[in-house]
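Q: Have a look at this fold, sequence not included:
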C-alpha cells in the first residue's frame, strides 16, 4: 500500500474548506500512521502555471506545514487534476508494483476525484478514509454536500473502498513488516 497525499498546498489550506479542523487532524493521523508503519507516502502538488501565483517558486505552491513531507519522501508535481498526468508518478507506481493506494487531500471534487477514477481505471485498489478529503462551497453544493456525495454515492462500490478513519489507520498498521 502507498499513501498518496494530494495538493495539501498553502494556497488551498483555508478554514473555508469543509470541516477544516477535523480534516487537518485526520490527514495528520493518516500520515503519522503511514510513517509509523513504514508505508511509503507520495506527495503531489498542483502547478497551475507561471503567473498564476500557484506555481513552482510561489509561496502558495508550497506544501502546508500540516502535511509537509520529510526529507526522504517523494514529491511529484502535476499540471492536471489527476496525479496520473505526471509521467514520473505513473512510472514510479508501475515500477514498485503496488496495487493498493490510499488517497487523501484536496479537493474532493477536482483532483481527488480525478485521481481516484484514474487509479481505478489502471487497476489499483483505492482506499478513501472518511474525513481525509475536503473542498470549498460552490454555486451548486456546499463543501459538506460535495464531500458526502462523493464519499457516499460516487466512489463506494464503483471506484473505491470508503472506510472510516479508524479502519484506515488499522489498514496502515497491518502493512508494517
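A: Nice, thanks for sending it over. Worth saying up front: this structure is predicted, and the values here are computed from it rather than measured.
Q: count of neighbours near residue 51?
A: If you count neighbours by other C-beta atoms under 10 Å, residue 51 ends up with 8. All C-beta spots, glycine's among them, are computed from the backbone N, C-alpha and C.
Q: Now it: which helix or strand?
A: Using DSSP states H and E, residue 51 sits in no helix or strand.
Q: now it: how far from residue 77?
A: For residue 51, the distance to residue 77 equals 16 Å [C-beta to C-beta, to the nearest Å].
Q: what do you get for residue 138?
A: When residue 138 is compared with residue 77 (using C-beta to C-beta), they lie 25 Å apart.
Q: So for the two, which residue has more residues nearby?
A: Between residue 138 and residue 77, counted using other C-beta under 10 Å, the more crowded position is residue 77 (16 against 12).
Q: Could you give the bridge partners of the more buried one?
A: residue 45 (DSSP bridges).
Q: right, and it touches residue 45 too?
A: Yes: between residue 77 and residue 45 there is a contact at 5.2 Å, judged by C-beta atoms under 8 Å.
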